[in-house]
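Undergrad: Sequence isn't available, so here's the structure alone:
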């Protein structure tokens with residue numbers, strides 16, 4: 001059996017963005033269409049981010065989608 005594990009790196013990329021620009025999570029949430037900073041945090045910390053979430057963040061952060069996650073194939 002083969003299992004695939006997706007590790008989310010969106011939080012690290014958002015932290016880099018905040019450090020570089022001085023933006024706040026509340027401002028980022030508004031830019032991305034989230035109603036609250038807590039909603040943004042939920043998307044950032046998602047165990048299984050959707051394709052839409054990855055696309056949204058990669059466009060906002062001006063990076064390749066594959067920079068936002070790590071895929072590990074685990075053989076059992």
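TA: Okay, I see it. Predicted model, so just to flag it, every value in this text is computed and none were measured. Numbers count the residues shown, from 1 in each chain.
Undergrad: which stretches of the protein have low pLDDT?
TA: Low-confidence regions of the chain, defined here as pLDDT under 70, cover residues 76.
Undergrad: Could you pull out the strands in it for me?
TA: Across the chain, reading from the start of the chain, the strands by DSSP state E fall at 2-8, 69-75.
Undergrad: Mean neighbour count and distance to residue 47 for these - can I get that in CSV?
TA: For glycine as for every other residue, the C-beta is placed from the backbone atoms N, C-alpha and C. Below are these laid out as CSV (neighbours: other C-beta atoms under 10 Å; distance: least, C-beta to C-beta, whole Å):
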stretch, mean neighbour count, distance to residue 47
strand 2-8, 11, 7
strand 69-75, 10, 11
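Undergrad: how about those strands, which one is nearest residue 49?
TA: Of all the strands of the chain, strand 2-8 sits nearest to residue 49, with 5.4 Å by C-beta to C-beta.
Undergrad: Residue 10 and residue 57 touch, don't they?
TA: Yes: with contact defined as C-beta atoms under 8 Å, residue 10 counts as touching residue 57 (5.2 Å).
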